[in-house]
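In: can't give you the sequence, but here's the structure:
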């Protein structure tokens with residue numbers, strides 16, 4: 001198992017939230033305006049990049065043939081003017097036939113009722129009844145540059161998706177201390193909740209002043225040392 005697979009497995013094991021991942025990334029990584037179509041869905045995985053452009057979903061049909069199983073299908077858009085990229089049929093194909101973990105669309109979908117009834121793990125910017133035109137289009141130089149840039153950033157990155165939205169962990173962040181950063185963030189969250197809920201601390205002393213650092217809490221003698229270790233690099 002390579003480093004990326006270990007990170008994905010660790011996030012899944014801890015069921016880490018997009019909030020925690022974004023905090024690890026220095027309050028970055030969130031895809032603005034992207035929300036889950038169905039409540040309660042959770043997905044973590046490596047991204048495979050697809051792009052729709054020029055108000056057509058023809059390129060999407062071409063590209064999703066090559067989707068690999070267990071990837072998160074990220075559909076980027078370029079010059080798509082308030083049209084849905086696809087609906088229930090293509091969603092069913094990607095999830096059931098291509099075995100994608102989830103679908104992220106940097107744009108709109110249609111057939112909201114069908115997608116919700118099937119419970120598909122889909123994140124997008126909204127819904128509309130208007131679908132893209134199914135016509136063959138060729139990417140102009142500007143679109144080609146957009147696709148190259150998008151593929152360089154998203155392809156192979158990790159997406160974490162939940163009810164709050166989507167956070168992307170860029171490949172440059174997937175260094176060998178990332179699992180330690182995940183563990184630190186989870187332990188910090190557990191410490192904060194313990195201080196506030198079980199020991200009657202206020203949030204100012206806990207979150208702002210971090211009085212738990214090197215402090216024994218309660219009568220059990222449990223020592224909290226959660227200052228950020230020097231060996232772990234946060235933004």
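Out: Looks like it came in fine. This one's a predicted model, so the numbers in the text were calculated from it and none came from an experiment.
In: got a list of what the residue positioned nearest the centre of the chain touches?
Out: Nearest residue to the geometric centre of the chain (CA atoms, centre = their mean): residue 160, 2.9 Å. For residue 160, the contacting residues are 11, 16-18, 21, 43-44, 166-169, by CB atoms under 8 Å, 6 or more residues apart in numbering. In short, each C-beta sits where N, CA and C put it, glycine included.
In: repeat that for residue 110.
Out: Counting by CB under 8 Å, 6+ apart, residue 110 has contacts 84, 86-87, 127-131.
In: ok so, going back, what subset of the contacts of residue 160 is buried?
Out: 11, 16-18, 21, 43-44, 166-169 (16 or more other CB atoms under 10 Å).
In: please narrow the contacts of residue 160 to those residing in strands.
Out: With strands taken from DSSP state E, the overlap with the contacts of residue 160 comprises 43-44, 166-169.
In: as a markdown table, the residues you listed with pLDDT and distance to residue 140 would be great.
Out: Output for these, formatted as a markdown table (pLDDT from 0 to 100; distance: CB to CB, whole Å):
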| residue | pLDDT | distance to residue 140 |
| --- | --- | --- |
| 43 | 98 | 33 |
| 44 | 98 | 35 |
| 166 | 98 | 28 |
| 167 | 98 | 31 |
| 168 | 98 | 26 |
| 169 | 98 | 31 |
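In: residue 147: which of these is nearest?
Out: Here the nearest of the ones in strands among the contacts of residue 160 to residue 147, counting by CB to CB, is residue 168; it sits at 16.9 Å.
In: list the buried residues in the helix of greatest length in the chain.
Out: Assignment by DSSP state H gives helix 178-193 as the longest helix of the chain. Neighbour counts over helix 178-193 (16+ other CB under 10 Å) mark 178, 181-182, 184-186, 188, 191-192 as buried.
In: could you pull out the strands for the chain?
Out: Counting by DSSP E, the strands of the chain are 35-36, 43-53, 72-78, 102-105, 108-109, 122-124, 126-127, 158-162, 165-169, 215-217, 222-224.
In: to residue 136, which of those strands lies closest?
Out: Comparing those against residue 136 with CB to CB, the closest turns out to be strand 43-53 (11.9 Å).
In: check which helices and strands the closest one is in contact with.
Out: Contacts defined by 3 or more CB pairs under 8 Å, 6 or more residues apart in numbering; DSSP states H and E place strand 43-53 against helix 3-14, helix 58-64, strand 72-78, strand 102-105, helix 141-154, strand 158-162.
In: tell me what angle that strand forms with helix 3-14.
Out: Orientation of strand 43-53 against helix 3-14 (axes from the mean of the first three to the mean of the last three CA atoms, to 10 degrees) gives an angle of 120 degrees.
In: strand 43-53 vs strand 165-169, what angle?
Out: Note on geometry: by the same axes, to 10 degrees, strand 43-53 and strand 165-169 are set 90 degrees apart in direction.
In: neighbours of the nearest residue to residue 186 once chain neighbours are set aside, how many?
Out: In space, and not counting its chain neighbours, residue 186 is closest to residue 14: 5.5 Å by CB to CB, 6 or more residues apart in numbering. The tally of other residues near residue 14 (other CB atoms under 10 Å) stands at 13.
In: now do residue 138
Out: 9.
In: tell me the predicted confidence for the closest residue to residue 67 other than its chain neighbours.
Out: Closest residue in space to residue 67, ignoring its immediate chain neighbours: residue 98 at 4.1 Å, by CB to CB, 6+ apart. At residue 98, the pLDDT value in this model is 98.
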